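K.L.:
Below: sequence and its predicted model.
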Amino acid sequence: MRRLMSNALRAIPSVERILSSARFAPLVERFGRARVKESVSAYLDELRAARGAWNETEALDAIAIRVRAATASTLRRVINATGVIIHTNLGRSPVDGALWSDAASVVTGYSNLEFDLGRGERGARDEHLAELCRSLFGCESAILTNNNAAGTLLLLAATAAGREVLVSRGELVEIGGSFRVPDVIQQGGAKLREVGTTNRTRARDYASAAGAETAAILRVHRSNFDIVGFTETPPIAELIEVARETRIPMLYDEGSGRIVDISKYGFEKKETIRELIAAGVDAVACSTDKLIGATQGGLILGREEIVAKCRKHPLMRALRAGKESYAVIAETLRAFATERHEERVPIYRMLATPLDVLRERAGNLGAKTIIDSRCALGGGTTPTETIPSIAIEVAGNANEQYARFLNNDPPIVGRIVDDRFTLDMRTVLEEDLAALALCLQL
């Protein structure tokens, strides 16, 4: 027995012999000699430890799996059938393929990211979106950071470092990933001054708290919750009036990026960013991957004096966005400026799709049970509101079906409602319908 084991171990070829073999040549060509060598060595160590016998076919399969895992990212495309349009866990807003292609002409080659073509010398990246934002939002100036948290942090650091910022107790929110407004204020170097109560805050609470140490009033979009019942929140016009009387800036962490009125899709009407700036808000910070529907970024929009302070602040370099973000966000903003957002921005195509089209879509997929459902906008934009939608109910154990669809290639994420596994039609992209149909047929 011992002799047989010894013979089996001696029969294992060397690493170099394996790498030089014809059967391993395609693997080496695809992944590189160094990466394949690492996987071969690790496999042989395990084989010797287990005193196993060498089998070239089995080895090739095992080493191929190992080297793919070592060189792959776990980030994958998934199909969103959850009924949440801006799904934070699924990458928030999808980007239209044609829009991405238009942006790619800037991204794939060299660009004038920091080059002034008029003067033929070094320029500034933070000026590329300024004119587009002026026409779209009515602001004096604009800059882009890598997300809205960064934008809010920079805005506070540039305008209120070492001084007080007035915030309602009802707006000291925490959103996903334990991101807390008080922490952002502190990291921005400002001092939090709470006003009002959790459920009721009035304009006079801000006026009473304002003093020589006050640098700004900050309103924060509550994002992922709402307060109902015995509540009171001052209209933005009243806060602007307090800001003017006390001669301090009115800042707004608007968060969602509301460019257009979405009440036409069934949601409550609220001020757009353009309306906020026109009313007198001095600076607005918002995300670009929520209601704007682009890739991740954070816009600071407002008065030139405030934006200039942000532009010159040392944090700007750490928080700035790259050329990919500028290109995609510019194309997305241009879709709004030309009133083509329902054509070019996927989340607005979803919102604008009529129920009868969604029902027809479910029928074309061969669904046996089609049900009415409710679809959420998501991303913390309208936390308590939903709109009608259409879903497919998949027969069988809900948990087992949930797992089966997740194991599909590409994975399909549905949702369980009242112990039923469902696939919402409003959030499924057109290009994903064929893959969804195949999985439904299994």
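P.N.:
That came through, no problem. Quick caveat, the model's predicted, so the values are computed rather than measured.
K.L.:
can you list the residues that contact stretch 387-394?
P.N.:
Contacts with stretch 387-394, where a contact means Cβ atoms under 8 Å, 6 or more residues apart in numbering, come from 83, 265-267, 351, 355, 358-359, 361-362, 365, 367, 369-375, 377, 401, 405, 414, 420-426, 440. All C-beta spots, glycine's among them, are computed from the backbone N, C-alpha and C.
K.L.:
Now do that stretch: distance to the chain's middle.
P.N.:
24 Å (Cα atoms, centre = their mean, to the nearest Å).
K.L.:
Please apply the same query to stretch 349-363.
P.N.:
24 Å.
K.L.:
Point out where the stretch 1-150 of the chain drops to low pLDDT.
P.N.:
Within the stretch 1-150 of the chain, the ranges that satisfy pLDDT under 70 run 1-9.
K.L.:
quick one, helices of it?
P.N.:
Using DSSP state H, counting those that start in this stretch, the helices of the stretch 1-150 of the chain run over residues 2-10, 15-20, 25-31, 33-49, 56-71, 97-107, 130-137, 148-160.
K.L.:
how about these in a markdown table, adding distance to residue 251 and mean neighbour count?
P.N.:
Shown next, in a markdown table, are the helices of the stretch 1-150 of the chain (distance: least, Cβ to Cβ, whole Å; neighbours: other Cβ atoms under 10 Å):
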| stretch | distance to residue 251 | mean neighbour count |
| --- | --- | --- |
| helix 2-10 | 71 | 10 |
| helix 15-20 | 61 | 15 |
| helix 25-31 | 51 | 15 |
| helix 33-49 | 50 | 16 |
| helix 56-71 | 46 | 15 |
| helix 97-107 | 30 | 15 |
| helix 130-137 | 15 | 17 |
| helix 148-160 | 6 | 25 |
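K.L.:
Switch the ones you listed over to TSV; also include distance to residue 211.
P.N.:
Shown next, in TSV, are the helices of the stretch 1-150 of the chain (distance: least, Cβ to Cβ, whole Å):
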stretch	distance to residue 211
helix 2-10	81
helix 15-20	74
helix 25-31	65
helix 33-49	63
helix 56-71	59
helix 97-107	47
helix 130-137	31
helix 148-160	14
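K.L.:
Among the ones you listed, which comes closest to residue 337?
P.N.:
Nearest to residue 337 among the helices of the stretch 1-150 of the chain is helix 130-137 (5.2 Å), distances taken as Cβ to Cβ.
K.L.:
what about dumping the CA coordinates of the closest one to PDB?
P.N.:
The C-alpha coordinates for helix 130-137 follow below in PDB (Å, rounded to 0.1, in the frame of the first residue of the first chain):
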ATOM      1  CA  ALA A 130     -20.900  74.300 -15.100                       C
ATOM      2  CA  GLU A 131     -22.700  75.700 -18.100                       C
ATOM      3  CA  LEU A 132     -25.000  72.600 -18.500                       C
ATOM      4  CA  CYS A 133     -25.900  72.900 -14.800                       C
ATOM      5  CA  ARG A 134     -26.600  76.700 -15.100                       C
ATOM      6  CA  SER A 135     -29.100  76.100 -17.900                       C
ATOM      7  CA  LEU A 136     -30.700  73.100 -16.200                       C
ATOM      8  CA  PHE A 137     -30.800  74.200 -12.600                       C
END
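K.L.:
hang on, the earlier thing: hmm, which of the contacts of stretch 387-394 are the buried ones?
P.N.:
Neighbour-count burial within these applies to 83, 265, 267, 351, 358-359, 361-362, 365, 367, 370, 373, 375, 377, 401, 405, 414, 420-426, 440; the criterion is 16 or more other Cβ atoms under 10 Å.
K.L.:
Narrow those residues to those in strands?
P.N.:
When DSSP state E is applied, these are split such that 370, 373, 375, 377, 420, 421, 422, 423, 424 fall in strands.
K.L.:
Return the closest of those residues with respect to residue 139.
P.N.:
Distances from residue 139 to these, taken by Cβ to Cβ, are shortest for residue 377, at 24.4 Å.
K.L.:
returning to that earlier point: turn the ones in strands among the buried ones among the contacts of stretch 387-394 into JSON lines, columns for distance to residue 303 and pLDDT.
P.N.:
Output for these, formatted as JSON lines (distance: Cβ to Cβ, whole Å; pLDDT from 0 to 100):
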{"residue": "370", "distance to residue 303": "52", "pLDDT": "97"}
{"residue": "373", "distance to residue 303": "44", "pLDDT": "97"}
{"residue": "375", "distance to residue 303": "37", "pLDDT": "96"}
{"residue": "377", "distance to residue 303": "30", "pLDDT": "94"}
{"residue": "420", "distance to residue 303": "52", "pLDDT": "97"}
{"residue": "421", "distance to residue 303": "51", "pLDDT": "97"}
{"residue": "422", "distance to residue 303": "47", "pLDDT": "98"}
{"residue": "423", "distance to residue 303": "47", "pLDDT": "98"}
{"residue": "424", "distance to residue 303": "42", "pLDDT": "98"}
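K.L.:
need those residues in JSON lines with distance to residue 187, can you?
P.N.:
Supplementary listing: these in JSON lines, determined by distance: Cβ to Cβ, whole Å:
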{"residue": "370", "distance to residue 187": "49"}
{"residue": "373", "distance to residue 187": "40"}
{"residue": "375", "distance to residue 187": "35"}
{"residue": "377", "distance to residue 187": "29"}
{"residue": "420", "distance to residue 187": "44"}
{"residue": "421", "distance to residue 187": "42"}
{"residue": "422", "distance to residue 187": "41"}
{"residue": "423", "distance to residue 187": "41"}
{"residue": "424", "distance to residue 187": "38"}
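K.L.:
Quick check: the nearest residue to residue 153 once chain neighbours are set aside vs residue 126, distance?
P.N.:
Among residues not flanking residue 153 along the chain, residue 188 sits closest, at 5.0 Å (Cβ to Cβ, 6 or more residues apart in numbering). In this view, residue 188 and residue 126 are 19 Å apart by Cβ to Cβ, to the nearest Å.
K.L.:
next one: residue 275
P.N.:
Residue 275 is 25 Å from residue 126, by Cβ to Cβ.
K.L.:
quick one, which of these two is more surrounded?
P.N.:
residue 126 (21 against 15; other Cβ atoms under 10 Å).
K.L.:
Please write out the alpha-carbon positions of stretch 149-162 in CSV.
P.N.:
Taking Å, rounded to 0.1, in the frame of the first residue of the first chain, the C-alpha atoms of stretch 149-162 are listed here in CSV:
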residue,chain,number,x,y,z
ALA,A,149,-21.9,62.3,1.0
ALA,A,150,-18.7,63.8,-0.3
GLY,A,151,-20.5,66.8,-1.7
THR,A,152,-22.2,67.5,1.7
LEU,A,153,-19.0,67.0,3.5
LEU,A,154,-17.1,69.4,1.2
LEU,A,155,-19.9,72.0,1.4
LEU,A,156,-19.8,72.0,5.2
ALA,A,157,-16.0,72.0,5.4
ALA,A,158,-15.8,75.0,3.0
THR,A,159,-18.6,77.1,4.6
ALA,A,160,-18.9,76.2,8.2
ALA,A,161,-15.6,74.8,9.6
GLY,A,162,-15.2,75.5,13.3
